[in-house]
Every structure is written in structure tokens, then in C-alpha cells.
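Chemist: fold the following, please.
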Amino acid sequence: MTYSCDFLLERFASVPDQVAFIDDDEEFTFAWVLDRVPEYEALLSYAGVKRGDVVVVLADYSPHIFCFILAAVSKGIIFAPMTSDSVVDLTTILELSEADLYIEFAKDPEDIRIVPHTPQNKNSLLGEFRPRDQPGLLLFSSGSTGDPKGILLDFGSVLEKFRIARPRVTAISFLMLDHFGGINTLLHILSNLGTVVTVRERSVRAVCQAIQRHRVELLPTTPSFLNILVHSDVGSHYDLSCLRIISYGTEVMPQVTLDRLALQFPDVKLQQTYGLSEVGVLRTKSRPDGSLWLKIGGEGFMTQVREHVLWVKSDYAMVGYLNAPSPFDEDGWFNTQDRVEVDGDYIRILGRTTDLINVGGQKVYPAEVEDVIIGLDNIEDVRVFGEKNALVGNIVVAQVVLREPENPADLKPRIRKACLESLADFKVPAKVTELHSGLYSYRHKKIRTRDGFITP
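Modeler: Predicted structure coming up:
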């Protein structure tokens, strides 16, 4: 099957004067988008790009990069986005991707830096993919072991999901461009003729300013950012009444944070999302009791739970890893490594199997410990992880961010006492320390371990 983005261009042409982007407070219409796409097609031709070539692009959200993406699809290239804060460095990306071209993006095509690159090897997966004559999307993850993985997707197949028109909305582009969730948000908003509001700085103040100024209706973000928001008084200084939906994903949401969010935004729908680069973004429906239980699936997806771990089969699954064995079983099912509980048609995500702490043979989910601690007075946020121990294999460690200074001699007993009242003894932190920085990655996700390794 041959895919293209023609259906998007036709949809854009039906509303030429409608605003597609608000970037640095400047409005860009769908007519502007349609005019720019041929310019970037010409730029790629001038650079000598051929169908099937890999082009690594350093950029952040802008109307220009979206036009470039459409041109990349039209030219049939394999597009590999990265940002200045990507989890994988440029040299590694160029080597793993077998890049033919590297581009540092700019608003003005004349200022774009184009650097030819000669691939040193020939990747077998790319060799198998090119005869499909389809555009590709190449993303990079740090992986659960810290070794980077190149995730190759059929970009045309990804686009097909957006043929079904859904309600239009004005939304912040929060998740990063080199993250599947960020690409998915961009395509979802614009394919439904909505408006994307870009933010250069992903601070609470900058995001709230953008929401108020541009009457943003949808904020797609992370639980870590939302925890900062509910603990900050910044939001109270802005009119956020335009918000209709706050969606959250990429990591486990503490129930305490969700409850606080519901109190601060009683008229806003709080929607948990779920997706992985390897299989795509599934449709979700949260249970109406304000909990973290949800249904997942939707057209093109099947799910099952094996030994408390979620498996997904997807019509939008990746082609494969560039530098790792296929993770799919013989029937096409993907192990998400997410531990879940099941209640009828609903599941509740407990955490990644890679984050589990083994204490003397007993399993501890960091999120369940964090959920107790984050609800305590004077605790702004917390990170829980395992630390090697000769006696029991691992001990539970909690690092906390305090709202106000507190005597360390009082802090540990207070936290341990609260945990003992709610958790089994082996789950109670053996160590409690204060953390002043380094809790979040640039993706606004919690850094899960002491040494700063970021889980995907």
C-alpha cells in the first residue's frame, strides 16, 4: 500500500484562512503551510536528497519544521528529528541512522545549515525498508539499559491513523519533537484543522502565559509538569478558564497529584494517555471515578495482559529497531514492560518492570511509595529508586524536594512513619535525603535513579 500526505493537504486547502500555528505570537494560516511545503521540497531536491535517504534534522516546534516534515513525506525520505536536548548525542544518531544528510533548522531556508554525511555501514533493516518506497520516521530512545535504540517507523502508516477527522482544538505543543508523543500531538491537532501554539520555554509561567493569551483548550503534558503546576501559585495569576482538556502520559501519575489537579481544575477533563514509539498511541478512556484506571485500545490495536504485564498488537507498529533484535513475538505482540492491575475492562499502570526494586525477593513499585510521600506536608516532589545492598539485594531510597527547609533529623522519621502506616515494611525507604535539583529530564519526566539515568 502506498501512503501519502495528500489527504492532509486537501484538508488544509478547505480552510485556507484558518490559523494553523501561533508561533512567537505570530499567526500562520493553513494557506501559508500549503505555500511553504513546495519550498522545502525544492530545498531537499537542491541538497541532492533521494527517496529512501536518511535525513537527521535538529529543530524544535515551528510552522516551518511542520512544512519540512510534509515535504519529507512527499519526497519519501526517512526523517530523523532531534533537539538540542535529545537523550542521544548527534554523533551516535548520525552513526546509528546511517544518515545521508544532517540539517540544522532555521525559520529562513537561507539560514538552514545542510551538512552532507557519508554512511559508514549499511543497516540491514533500512535496506529491507527502502524497497517499500515509503517515507520513514526514525526516533531514538535511551532504552531501559541506557544503550540507545533506533526505532524505525513507516511514516506513511503513522499518517493513516489521522485520516479519521475528529474535533478541532487549540493546543500547546509541549512534548518534544524527537518524541513520538510530540509528533503524534502535532499531527493530531493539525489533521483536525486545529491550532498549534508553540512554547520555547516549557516552564509553568511560560505555558500558563500561552494558555491565557491564545485561549488554549488542550494541554498535553507529563505528570511531572502537572505536579509542578499544582504546587505553584503561578497558575492562579493567569486566566486558565479556556482549558477544556489536560492530557497526561509518558510516566505514572501519582493519585495525589491527580486529585489536587481535579480540585484546581474542576471543569477540565483530565485524560490519561498511553502510547509507545514501538506501537503508537492507543485510544484511552479514564474511569469516571477520578482514579487512574483506564480502558485502552481503539481501532488498529489489540491488548492483553500476561503475568501482570501489558502486551499490545498494533497495525501502526514500528518496522523494527535499527540496532537490536525484534521485540515482537511470533504473533506480532509487543511486550510493553508495563506492570498493570486489571479490573474488568480497566487497567491501572503500576510502573515499568525495569523500574521495579527487588528487596530480598519482594517487588517494590517506586510509584506506590512516591504516591504516599508526595501527599505529605512540605513535600513538593519525590524520587524513589533502588540502591544495591549486600544483605537484601536492594534497599529503597527516597529523595525529596521540600517546599520549605526542614531539619533532616525530623524528615526521615516523619516519612518512614507515614510509609509504615500505608505500606509493607520492605517498601519503606531505608534512606531519605533532600534533593535540590536534577529531578526532571528535559522531557519533563522524572529521572528515576540516583546517577541520572533516564528511563524511556
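
Chemist: next, the buried residues of stretch 46-64.
Modeler: 47, 49, 52-64 (16 or more other C-beta atoms under 10 Å). C-beta here means a position set from N, CA and C on the backbone, and glycine is covered the same way.

Chemist: just stretch 259-266 next, same as before
Modeler: Arg260, Leu261, Phe265.

Chemist: list the contacts of it.
Modeler: Leu226, Leu229, Val230, Gly235, Leu240, Leu243, Ile246, Leu270, Gly290 (C-beta atoms under 8 Å, 6 or more residues apart in numbering).

Chemist: among the residues you listed, which are in strands?
Modeler: Among these, the members falling in strands are Ile246, Leu270 (criterion: DSSP state E).

Chemist: quick one: least confident of the contacts of stretch 259-266?
Modeler: Confidence by pLDDT is poorest for Gly235 among the contacts of stretch 259-266, given 75.

Chemist: inside helices: which ones of the buried residues of stretch 46-64?
Modeler: The helices, defined by DSSP state H, take in Pro63, His64 from the buried residues of stretch 46-64.

Chemist: what's the closest of the buried residues of stretch 46-64 to Asp410?
Modeler: Asp60 (43.6 Å; C-beta to C-beta).

Chemist: can you verify my assumption that that closest one contacts Thr83?
Modeler: Yes - shown here, Asp60 and Thr83 form a contact pair, counting by C-beta atoms under 8 Å, at 5.8 Å.

Chemist: who touches both of these two?
Modeler: Met176, Leu177.

Chemist: Ala106 and Asp25, how far apart?
Modeler: 19 Å (C-beta to C-beta, to the nearest Å).

Chemist: how about Val252?
Modeler: 35 Å.

Chemist: which one of those two has more residues nearby?
Modeler: Set Val252 next to Asp25 and count neighbours by other C-beta atoms under 10 Å: Val252 wins out with 22 against 10.

Chemist: domains of the chain?
Modeler: By the record's domain assignment, the chain is partitioned as 6-159, 279-353, 356-434 (automatic domain parsing).

Chemist: any chance of those in CSV with distance to Gly182 as columns?
Modeler: Shown next, in CSV, are the domains of the chain (distance: least, C-beta to C-beta, whole Å):
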stretch, distance to Gly182
domain 6-159, 8
domain 279-353, 11
domain 356-434, 23
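
Chemist: so which of those gets nearest Arg213?
Modeler: Comparing the domains of the chain under C-beta to C-beta, the one sitting nearest is domain 6-159, at 7.4 Å.

Chemist: distance check, the residue located most distally from the centre of the chain against Pro220.
Modeler: Residue farthest from the centre of the chain, counting by C-alpha atoms, centre = their mean, is Ala409 at 38.1 Å. Taking C-beta to C-beta as the measure, Ala409 falls 42 Å from Pro220.

Chemist: next one: Asp147
Modeler: From Asp147 to Pro220 the distance is 28 Å (C-beta to C-beta).

Chemist: one more: Ile379?
Modeler: With C-beta to C-beta as the criterion, Ile379 and Pro220 are 26 Å apart.

Chemist: and Arg205, that's in a helix?
Modeler: Yes - counting by DSSP: H, G, I helix; E, B strand; the rest coil, Arg205 is part of a helix.

Chemist: check contacts around the residue lying closest to Ser232 once chain neighbours are set aside.
Modeler: Leaving aside its sequence neighbours, Ser232 sits nearest to Val204 (C-beta to C-beta, 6 or more residues apart in numbering; 5.1 Å). By C-beta under 8 Å, 6+ apart, Val204 lies in contact with Phe225, Ile228, Leu229, Ser232, Val234, Gly235.

Chemist: what do you get for Lys149?
Modeler: Per C-beta under 8 Å, 6+ apart, neighbours of Lys149: Phe140, Ser141, Gly143, Tyr321, Leu322, Asn323, Ala324.

Chemist: one more time with 10 Å, if that's ok
Modeler: Applying C-beta atoms under 10 Å, 6 or more residues apart in numbering to Lys149 gives the contacts 88, 96, 139-143, 277-278, 321-324, 327, 456.

Chemist: what's the answer for Ala430, then?
Modeler: Ala430 is in contact with Val359, Glu387, Asn389, Val392, Asn394, Ile395, Val396, Val397, Ala398, Lys412, Arg416, counting by C-beta under 10 Å, 6+ apart.

Chemist: below-threshold pLDDT in the protein: ranges please.
Modeler: 1-3, 142-146, 437-438, 440-445, 447-456 (pLDDT under 70).

Chemist: and the residue nearest the centre of it?
Modeler: Gly181 (4.2 Å).

Chemist: check whether it sits in a helix, strand or coil.
Modeler: helix.
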